[in-house]
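*Asks:* can't give you the sequence, but here's the structure:
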Ligand SMILES: O=P(O)(O)O[C@@H]1C[C@H](O)[C@@H](CO)O1
């Protein structure tokens, strides 16, 4: 795999560049937010907003995916004085060619700026017939085949004695933050069906799943599948941050139990008969972005409400 290699940048250079662009009240954000595909509208409810383009921050890469902006947004979120927050308006995916260390670099910068809680959002495909398009899935666990086979952002020399070498993942998705989320949904009077809980399968992409891959992921216990998030979760946990992940279901992953049989079709045709066959559906990034834009409002209200209750 060709990856653009992580730049040998010191964190201090990134932090200096960021802080020099911010007024004092935004320099130590408490909460970090990562915006998934089509979900960067959260910035519209920030107050005193300052946008810092990635190109102005040493060590940051460029976000190249449609629906992801190459900027950080800083501002105050929530009622009263507001909580200082930092948001990535676009993330880095390994399939864009970014090295895993570049993918998680902003998370480490967030931790060094003083962030304690990180709310990570993404667009994902549903593998679970009980979780329809438009549902927000509160992630309780993950299944990461790339991690199990050597694509783990924590691989490498253990250079920082402050960080754990062997990171446990049994409590990676903060029960405290998840509780706050469901309480926020109650306050916002969301319908019960608006939210679900589930397991996120991380795949490298950029191809969407083949039907057999979708069936496999479902059978091994995943509820939704996506191409991001898990590297960020691992780095955030390594840095000691509390993590919550919200997946917006933008499409169903096609999991046919039966395939269209061309053999049967031809045989029927030759015998002068017609057979009804299942027709394969396809997913597109445009569809993902359209659902993201349509449903982003609810996700943003939830995030704002949780931040308010921290
Ligand atoms: O950044 P996220 O995980 O929200 O983006 C998803 C996964 C792919 O990047 C893209 C596929 O449509 O959307």
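*Replies:* Nice, I can see it. Only a predicted model underlies this, so the values are computations on that prediction, with no experimental measurement involved.
*Asks:* Could you use CA atoms for every contact and neighbour count after this?
*Replies:* Will do.
*Asks:* Settle this for me: residue 302 is touching residue 181, isn't it.
*Replies:* Yes. Between residue 302 and residue 181 there is a contact at 6.9 Å, judged by CA atoms under 8 Å.
*Asks:* okay, and the common contacts of the two?
*Replies:* Overlap of the contact sets of residue 302 and residue 181 (by CA atoms under 8 Å, 6 or more residues apart in numbering) is empty.
*Asks:* Number of residues surrounding the closest residue to the ligand within the stretch 51-200 of the chain?
*Replies:* Proximity of the stretch 51-200 of the chain to the ligand (CA to the nearest ligand atom) peaks at residue 122, 3.4 Å away. Residue 122 has 24 neighbours, counted by other CA atoms under 10 Å.
*Asks:* burial of residue 69, as a residue count?
*Replies:* Counted with other CA under 10 Å, the neighbours of residue 69 add up to 20.
*Asks:* mind listing the strands in the protein by residue range?
*Replies:* 31-34, 47-53, 71-77, 83-88, 117-126, 136-144, 195-202, 224-226, 242-252 (DSSP state E).
*Asks:* Quick one: residues in contact with the longest one.
*Replies:* Strand 242-252 is contacted from outside by 116-127, 131-139, 172-174, 177-178, 224, 229, 233, 236-237, 283, 287-289, 291-292, 295, 299, using CA under 8 Å, 6+ apart.
*Asks:* Which among those count as buried?
*Replies:* Taking 16 or more other CA atoms under 10 Å as the criterion, what is buried in those is 116-127, 131-139, 172-174, 177-178, 224, 229, 233, 236-237, 288-289, 291-292, 295, 299.
*Asks:* Show me what from the stretch 201-310 of the chain comes close to the ligand.
*Replies:* The stretch 201-310 of the chain comes close to the ligand at residues 226, 227, 228, 285, 288, as judged by CA under 6 Å from any ligand atom.
*Asks:* Scan those and report the most crowded one.
*Replies:* Each of those was scored for neighbours by other CA under 10 Å, and residue 228 scores highest at 26 neighbours.
*Asks:* residues touching that residue, list them.
*Replies:* Residue 228 touches 93, 94, 122, 202, 203, 204, counting by CA under 8 Å, 6+ apart.
*Asks:* wait, which of those is closest to residue 277?
*Replies:* residue 203 (29.5 Å; CA to CA).
*Asks:* Which pLDDT value goes with the closest one?
*Replies:* Per-residue confidence (pLDDT) for residue 203: 96.
*Asks:* Spatially, what comes nearest to it if we skip its sequence neighbours?
*Replies:* What sits nearest to residue 203 in space, not counting adjacent residues and going by CA to CA, 6 or more residues apart in numbering, is residue 227, at 5.1 Å.
*Asks:* My guess is that neighbour contacts residue 91. True?
*Replies:* No. Counting by CA under 8 Å, residue 227 does not reach residue 91; the two are 11.1 Å apart.
*Asks:* Distance from stretch 139-152 to the middle of the chain?
*Replies:* 13 Å (CA atoms, centre = their mean, to the nearest Å).
*Asks:* what's the span of it, first residue to last?
*Replies:* For stretch 139-152, the first-to-last residue distance is 19 Å (CA to CA, to the nearest Å).
*Asks:* Name the surrounding residues that touch it.
*Replies:* If you take CA under 8 Å, 6+ apart as the criterion, stretch 139-152 is touched by 100, 172-173, 197-204, 222, 230-231, 244-247.
*Asks:* Tell me if it is near the ligand.
*Replies:* No. Applying CA under 6 Å from any ligand atom, one finds stretch 139-152 separated from the ligand by no less than 13.2 Å.
*Asks:* what comes up buried for that stretch?
*Replies:* 139, 140, 141, 142, 143, 144, 147, 152.
*Asks:* From residue 254, how far out is the residue nearest to residue 203?
*Replies:* Relative to residue 254, and taking CA to CA, residue 227 is found at 17 Å.
*Asks:* Show the contacting residues for residue 231.
*Replies:* Residue 231 touches 100, 103, 104, 152, 153, counting by CA under 8 Å, 6+ apart.
*Asks:* Recalculate using a threshold of 7 Å.
*Replies:* Neighbouring residues of residue 231 by CA atoms under 7 Å, 6 or more residues apart in numbering: 104, 153.
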